[in-house]
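Trainee: Predicted model, plus sequence, below.
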Amino acid sequence: MENIQNINNIKKTTPPYKLGYLGLFPLVGFFVGIGLTLYGIFKYKDRKLTVIGIACMLFTVLAYSALFLFGNYSGLDKAKEQIAQTHLNSLIKDIEYYKNQNGTYPDSLKQLENKNEIVFINDPTQSELENDYYNYKNLGENYILFSSGSDQTQNTSNDLYPQIKNLKNVGWIRSKSNNR
């Protein structure tokens, strides 16, 4: 008789609906949603708990989708390009100063780094890539320097180049074929 009462007590327990509040925390809520959905289907056979579990999982998917869309279409690329443009203009000064001090242009932008000054050699438009430096090539008496831009592809229409007024006193050229 006692076993029958225990079985009836198990059936009378209410499903853990309040765990659904954890679904408001993306990622954690996804895994809680999986658990609630499985509990709703197999243990409690409760439609409401199953729906809460599915809602928890959907909320995580929607939250991360919104973050992805916001990151890609929010104008963040334009802000990164403005920062890159400022850095490129500053790098011209740093490269020319390096040549003035050492007699030659640096072989790589890493050579511009020193402990006393901050030099921005990382391209903010390339932040997802492993090699996120500006495009630089030493050509001996000249050099090429540019950013691949937001599409992260070299030699396309959105490449960024330094904007300097007096090209007579610097070795920067836009490309090998265009000698200033």
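Mentor: Great, that's in hand.

Trainee: count of neighbours near residue 143?
Mentor: If you count neighbours by other C-beta atoms under 10 Å, residue 143 ends up with 19. Where you see a C-beta, it was placed from the backbone N, CA and C, and this is true even at glycine.

Trainee: Looking at strand pairing, list the partners for it.
Mentor: residue 138, residue 172 (DSSP bridges).

Trainee: Let me see the contact set for it.
Mentor: Listed by C-beta atoms under 8 Å, 6 or more residues apart in numbering, the contact partners of residue 143 are 95, 105, 136, 137, 171, 172, 173.

Trainee: give the contact list for the fifth one.
Mentor: Okay, so that is residue 171. Going by C-beta under 8 Å, 6+ apart, residue 171 touches 95, 96, 99, 105, 141, 142, 143.

Trainee: How is the fourth one assigned, secondary-structure-wise?
Mentor: Taken by DSSP: H, G, I helix; E, B strand; the rest coil, the conformation at residue 105 corresponds to coil.

Trainee: Please tell me I have it right and it contacts residue 136.
Mentor: No - using C-beta atoms under 8 Å, residue 105 makes no contact with residue 136, being 9.2 Å away.

Trainee: Let me know the closest of the contacts of residue 143 to residue 50.
Mentor: residue 136 (57.4 Å; C-beta to C-beta).

Trainee: Surely the closest one forms part of a strand?
Mentor: Yes - Residue 136: assigned to a strand according to three-state DSSP.
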